[in-house]
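K.L.:
model this:
(chains A and B)
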Amino acid sequence: MPNFARLAQRGSLKRLTSSIPPQSPVAWSNMITGMNAGGHGLFDFIHRDPKTLALYFSASRVEAPKHAIHLGSWVIPLGSGSAEQLRRGKAFWEILDEHGIPNSVFRIPANFPPVPAKGQTLSGMGTPDLRGTYGTFSFYTDDPTAATGAVEGGQVIPVQVENSRIIANLIGPDNTFRKGSPAATEPFSVAVDPMESAARIAVQGHEFVLREGEWSDWVKVEFQLIPFFGNVKGMCRFYLKQAHPRFQLYVSPVNIDPASPALPISTPSSYSRSLSEEAGEFYTQGIAEDTKALSDGVLDDKEFLEQSRTVLAEHRRIFDLQFPKFQKGVFFFYFSSLDLNSHMLWRLIDPEHPAYDATLSSQYGSVLQEFYQQMDQVLGEVLPKLDKHTTLLVLSDHGFAPYRRSFNLNTWLLNNGYITLKSDADPNNNEPLANVDWSKTRAYGLGLNGLYLNLHAREREGIVTPGAKADALLKEIREKLLAVRDPKNNLPVITRVDFAADVYQGPYAHDGPDALVGYNRGYRAGWKTILGAFPSDVLEDNTNPWSGDHCIDYALVPGVLLSNRNIAAEMPALTDIAPTILAEFGIVKPKNMMGQSVFQPNIARR
Amino acid sequence: MASPTSIIPRLSTLLLGVLGVDLPAALVILLSLTIGLLMVMVFRYTSDQKAIRLAKNQLKAHLLAVRLFQDQLPVVLSSYGSILRCTGRYLQLAFKPLLIVALPLTFLIVQLDRYLGWTPLPPGQAFLLKARATSPDAVNELSLRLPPEMSTTAPAVHVPAENEVVWRVVAEKNGEYNVIIGVAGRTLAKRVVVSSGLSRISPIRLQGRFWQRIFVSGEPALPENSPVQSVEVGYPSREIKFMGFEWNWIWLFFLLSLVAGFVFKSVLRIEI
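P.N.:
Numbering: from 1, shown residues only, chains lettered A, B, ... in the order given. Next comes the predicted model:
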């Protein structure tokens, strides 16, 4: 990576302390606001309502209208629905706006819906698909052996091939104008050639032909909610995985159409339309790489990589169009490829990983490097345009580590007597923590790193008295967690447990978990324990393609910070980035911002 | 002297720069204004202006009577009857000139639609070519022969349920080409326009069906006894950008020509 090497040589390269916990929404919120989770209120990908234990996405909430009139099978809303951003605190570009500094912020995570801004912003990670999820694919097949129904990241839909034709429905958003809010659907047809591996697909008057193993361009779809009045526009991509002998068609999550966004995704609101006119259609969902389709086995590595490369190509196309327009102020651009591909492809470079496959590794083992090289090319476009008055910051919000073994925190808490299950537990109830006997439960885990006490007056059926008793309980659990060893290799599974009271400052410091579990390199919270389930084993191999991770001990996965200027700070942190940007324009940082400019001599740093 | 082909891009650039509209939009605006003027002029010389004026005045008088004498039921009812009668009279007077305007206008729109309804295929962009046979047996016999500048980018898709074969084709460079459909030892040609400019487009070549051909095809009919019913090229439909919206040209044309007609009618004092 010659350009990164050149930048490090001429300027600075430092490790960048990530957030606690080092999860993307938390980390980017630290970067955006200059505060930790106590200040911006994002502690994890998912949060829980302590009174109901209902889980919700931490970064945003999309709500239907509160009041409505019911007329037969129709529901007439009184008022409009809303999309609310749950990150608190001022974004650095809001402060720049107040001081008249022009700025453009592209796809920064944890900014959906985008906060009001004078400049051009486009929302990134956290932006839902048209169904309001982080991305739900559809997979149509006539394979009778396929398990149909909902899978983790999508839906497997059985179809019948009759006279070489398939009629099926695209699944759109929930139709809140209908009683029970059934999903809006739009029919499409596929004609498969009886002999050749190709098919013609027709959707709403739009026709295209796909060969087996080929992706379509973006196809625009309108879902009718109320005949003649209420339509929602989206777009999706089709992939003909197999034409014969079994029909297999993948359809991407239906993305918000940037030309006619159903939810706010940019500032000004018309900006996404002009951007799509200029750069063509692009993924608008926050996590564009379809990691779930790979995890669910709907896409294989080759297919996932093709899709992932398309995402990066779209981002580069937008970057190549927008960066040359940057004259003064701040220009920020986020590339997701290194993060998502490291999550999915780590097993290809890690022979110790349970999902390592030597054949796949020989085929795709160099792909991660290829993505890094593409980032180097982007940097190569930027460096020649810098003048002596322009400051460049290149950063990652965290590093990466292998995710070889899963630790099921709730199972551990259960085995150690901190959780008690009901005597009449229903094994078929999949609701989070559904079978827990709260009258005898003292602590529980939710989210990737969160440990909560069942605190009296905070939780619905809290039994732990706040204060000294709660502190003692937390210390006891910490001691025991730090002592956990993996019987497979005798390595410590957890290397740190931070108490929220010690690491969070700000008005929301008490709204999150009581403790943050920092896993050792190679370990992470198991998939089911995150959502409050109790797998039988405390420790198990991770055979999921999602094989690299960073939601561990934050000290083990620092990010990197590069600049064309000398970084004076010995241990810069994400919370320093917003103060750094403000200081570059002579703006005094607000009092609630924790960090300081990384270019200023070191003071006592967090 | 500059040739028309060299003038069009220059005119387009000028329009883009001065008015912020491209050539097709400028053409629609110009045509709408011209047709709006022509329509009111034709209306004037083919209608009985005095009789129309009288009918409209009587209509106004009876409408006024309804408002003035709303407390006298017999007068109101009588006025309603007169309003209906005057409306009928007005429609009768307007019918002939409207018919004279509408017939040539319909054919004009059909012809203009050849240019403004679709955009030619851009080079390098795949498009669908569809041939529909008259019987299921003929579907498997359909074949495609392309000029050297074109190639298929996917296997042909046979759709027995619709007696149809679909090819995905791409053209390397601009030009007007004939693609050849072969069936049962016979060949049929279909014109394909690849261009970035404004061109006459015929999206479909049809067998028989005179009126359908008049309205949607700009090519000679396929032979009556041909096993091919139609050959169709998937040209992208054209959207005209105007006032921040994308319009089908016909809707924009109707709107602008109506506005122009009302303006010219007032300026020229024509009764419509």
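K.L.:
What backbone torsions are found at A:Val209?
P.N.:
Dihedral pair for A:Val209: phi -110, psi 140, per degrees, to the nearest 10.
K.L.:
So it is in contact with A:Glu196, correct?
P.N.:
No. Counting by CB atoms under 8 Å, A:Glu196 is not a contact partner of A:Val209; they are 10.4 Å apart. C-beta here means a position set from N, CA and C on the backbone, and glycine is covered the same way.
K.L.:
Can you check which helix is longest in the chain?
P.N.:
No chain in the question, so chain A it is. What stands out as the longest helix in chain A, according to DSSP state H, is helix A:301-322.
K.L.:
oops, chain B please
P.N.:
helix B:73-116.
K.L.:
Mind listing residues that contact the helix or strand following it?
P.N.:
Next in sequence after helix B:73-116, counting helices and strands by DSSP states H and E, comes strand B:127-133. Outside strand B:127-133, the residues that touch it by CB atoms under 8 Å, 6 or more residues apart in numbering or on different chains are A:200, A:207-209, B:121, B:139, B:141-142, B:144, B:162-170, B:179, B:181, B:183, B:190, B:192, B:227-235.
K.L.:
Show me the shaky parts of the stretch 1-150 of chain B.
P.N.:
B:1-21 (pLDDT under 70).
K.L.:
For the stretch 101-250 of chain B, give the residue positioned nearest to chain A.
P.N.:
At 3.7 Å from chain A, B:Pro155 is the closest residue in the stretch 101-250 of chain B, using CB to the nearest CB.
K.L.:
before we move on, the earlier item: could you tell me which of the contacts of strand B:127-133 count as buried?
P.N.:
A:200, A:208-209, B:121, B:139, B:142, B:144, B:162-170, B:179, B:181, B:183, B:190, B:192, B:227-235 (16 or more other CB atoms under 10 Å in any protein chain shown).
K.L.:
how about the residues of the stretch 51-200 of chain B that lie near chain A?
P.N.:
B:128, B:154-162, B:166-168 (CB under 8 Å from any CB of the partner chain).
K.L.:
got CSV for these, with secondary structure and distance to B:Leu30 too?
P.N.:
Shown next, in CSV, are those (DSSP: H, G, I helix; E, B strand; the rest coil; distance: CB to CB, whole Å):
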residue, secondary structure, distance to B:Leu30
B:Leu128, strand, 33
B:Ala154, coil, 41
B:Pro155, coil, 45
B:Ala156, coil, 43
B:Val157, strand, 42
B:His158, strand, 46
B:Val159, strand, 42
B:Pro160, helix, 48
B:Ala161, helix, 46
B:Glu162, helix, 41
B:Val166, strand, 38
B:Trp167, strand, 38
B:Arg168, strand, 37
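K.L.:
For the stretch 451-600 of chain A, which segments count as helices?
P.N.:
Using DSSP state H, counting those that start in this stretch, the helices of the stretch 451-600 of chain A run over A:468-482, A:500-503, A:527-530, A:577-584.
K.L.:
So which of these is nearest chain B?
P.N.:
helix A:577-584 (34.4 Å).
K.L.:
what's that closest one in contact with?
P.N.:
Contacts of helix A:577-584 (CB under 8 Å, 6+ apart): A:31-34, A:92, A:95-96, A:330, A:391, A:393, A:395, A:561, A:588-589, A:593, A:595-600.
K.L.:
List buried residues within the residues you listed.
P.N.:
A:31-34, A:92, A:95-96, A:330, A:391, A:393, A:395, A:561, A:589, A:593, A:595-599.
K.L.:
picking that back up, quick one: name whatever helix or strand follows the longest helix of chain A.
P.N.:
strand A:330-333.
K.L.:
For that following strand, buried residues please.
P.N.:
Buried, per 16+ other CB under 10 Å, within strand A:330-333: A:330-333.
K.L.:
could you list every residue that touches the residue nearest the centre of chain B?
P.N.:
Chain B has B:Asp113 as the residue nearest its centroid, 3.5 Å off, counting by CA atoms, centre = their mean. Remark: with contacts taken as CB under 8 Å, 6+ apart, B:Asp113 is in contact with B:249-250.
K.L.:
I'd like to know how far the nearest residue to A:Pro572 once chain neighbours are set aside sits from A:Tyr250.
P.N.:
Nearest residue to A:Pro572, sequence neighbours excluded (CB to CB, 6 or more residues apart in numbering or on different chains): A:Val598, at 4.3 Å. Relative to A:Tyr250, A:Val598 is positioned 44 Å away (CB to CB, to the nearest Å).
K.L.:
B:Glu164 now?
P.N.:
25 Å.
K.L.:
what domains does the record give for the chain?
P.N.:
Here I'm looking at chain A. Domains of chain A are assigned by automatic domain parsing as A:1-42+A:87-127+A:286-400+A:557-606, A:132-266, A:405-555.
K.L.:
my bad, the chain I had in mind was chain B
P.N.:
According to automatic domain parsing, the ranges for chain B are B:4-117+B:246-268, B:127-233.
K.L.:
among those, which is the most enclosed?
P.N.:
When those are scored by mean count of other CB atoms under 10 Å in any protein chain shown, the highest mean neighbour count falls to domain B:127-233 (a mean of 17).
K.L.:
For B:Val42, what is the enclosing helix or strand?
P.N.:
helix B:23-46.
K.L.:
now that helix: how far from the chain's centre is it?
P.N.:
15 Å (CA atoms, centre = their mean, to the nearest Å).
K.L.:
Check stretch A:543-552 too.
P.N.:
Its chain's C-alpha centre and that of stretch A:543-552 lie 13 Å apart, by CA atoms, centre = their mean.
K.L.:
pLDDT averaged over it, what's the number?
P.N.:
Average pLDDT, stretch A:543-552: 97.
K.L.:
who touches B:Val66 in this structure?
P.N.:
So B:Val66 contacts B:76, B:79-80, B:83 (CB under 8 Å, 6+ apart).
K.L.:
meant to ask about A:Tyr403, not that
P.N.:
With CB under 8 Å, 6+ apart, A:Tyr403 has these contacts: A:346, A:522-524, A:542, A:546-549.
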